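Participant: Structure for this input, please:
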Amino acid sequence: MKCAVVTGGSRGIGRAICKKLAVELGYHVLINYQGNEEAAKETLAALKDEGATGEIIKFNVGDLTDVKQALQRWSDHHPEAIVEVIVNNAGIARDGLFMWMSPEDWSSVLDVSLQGFYNVTHFFIQKLLRQRYGRIINIVSVSGVKGTAGQVNYSAAKAGLVGATKALAQEIGKRNITVNAVAPGFIRSDMTAEMDEKELRKIIPANRFGEAEEVADLVCFLASKKASYITGEIININGGIYA
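Facilitator: Numbers count the residues shown, from 1 in each chain. This is a model prediction of the structure:
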């Protein structure tokens, strides 16, 4: 059984990625969630409606013990499973000006995006190296590439993930494992629901917000065998807002 793991897979971009990997690439998808079990079950139902397979798995990506226990328990129950794709999609935003940013708002954002990447990827890395095949795809952000005022914590977390992507790609490229990052701009999701789309469209050359499915299409390509010579790249998908 060939599997893909998607963190933060219950809603938005994560849900769209789960569906694409399951339906188009035929992976059995582990849909990670932390709090919203109902949304995770909805994602799983959407996969099954398309004739694909998957399961939900609960853990907090920022908590190393929680990640290890949940993934070890799953691995013990599925000794035949081969995890080929890891999509580090989980992320949270706690926006605010840096001068008023609390230690909790700083730490929590880095814990989910950056520590979460370490916790989940590190669990599987030796298995990927032994099987000499894998795809690691990190969901970053335009904020991590150019920086965004009011998002120093989020920009720092995603920029850290950009650096980690480039470095890890160099370490494991010889084992036929690619490591890439996808950097979305304004995408319609829960995270952007409160934003003034009509106003923001003026600064986007494509004159619209992107769709979660468009990000998922890119992730699906990077997860496929067609992308075997692409590694260490940060691919912007933002309607031309930053290139």
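Participant: List the contacts of the helix or strand bottoming out on mean pLDDT in the chain.
Facilitator: Taking mean pLDDT, DSSP states H and E as the measure, the helix or strand of the chain with the lowest value is helix 197-200, at a mean of 77. Contact with helix 197-200 is made by 186, 188, 209, as judged by C-beta atoms under 8 Å, 6 or more residues apart in numbering. The C-beta positions use only the backbone N, C-alpha and C, and glycine is treated the same way.
Participant: What's the first helix or strand after it?
Facilitator: helix 212-223 (DSSP states H and E).
Participant: If we go by neighbour counts, what in stretch 232-243 is buried?
Facilitator: Neighbour-count burial for stretch 232-243 flags 234-239, 241 (criterion: 16 or more other C-beta atoms under 10 Å).
Participant: Ok, stretch 132-147 next?
Facilitator: 133-145.
Participant: ok, now stretch 13-29?
Facilitator: Within stretch 13-29, the residues scored as buried using 16+ other C-beta under 10 Å are 13-25, 27-29.
Participant: try stretch 171-190
Facilitator: 172, 177-189.
Participant: For the residues you listed, give me TSV that also has distance to Phe59, secondary structure and pLDDT.
Facilitator: Shown next, in TSV, are the buried residues of stretch 171-190 (distance: C-beta to C-beta, whole Å; DSSP: H, G, I helix; E, B strand; the rest coil; pLDDT from 0 to 100):
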residue	distance to Phe59	secondary structure	pLDDT
Ile172	24	helix	98
Ile177	23	strand	98
Thr178	25	strand	98
Val179	22	strand	98
Asn180	24	strand	98
Ala181	22	strand	98
Val182	22	strand	98
Ala183	25	strand	96
Pro184	24	strand	95
Gly185	29	coil	90
Phe186	29	coil	88
Ile187	25	strand	90
Arg188	27	coil	85
Ser189	22	coil	74
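Participant: out of the residues you listed, who's nearest Lys158?
Facilitator: Nearest to Lys158, judged by C-beta to C-beta, of the buried residues of stretch 171-190 is Ala183 at 7.7 Å.
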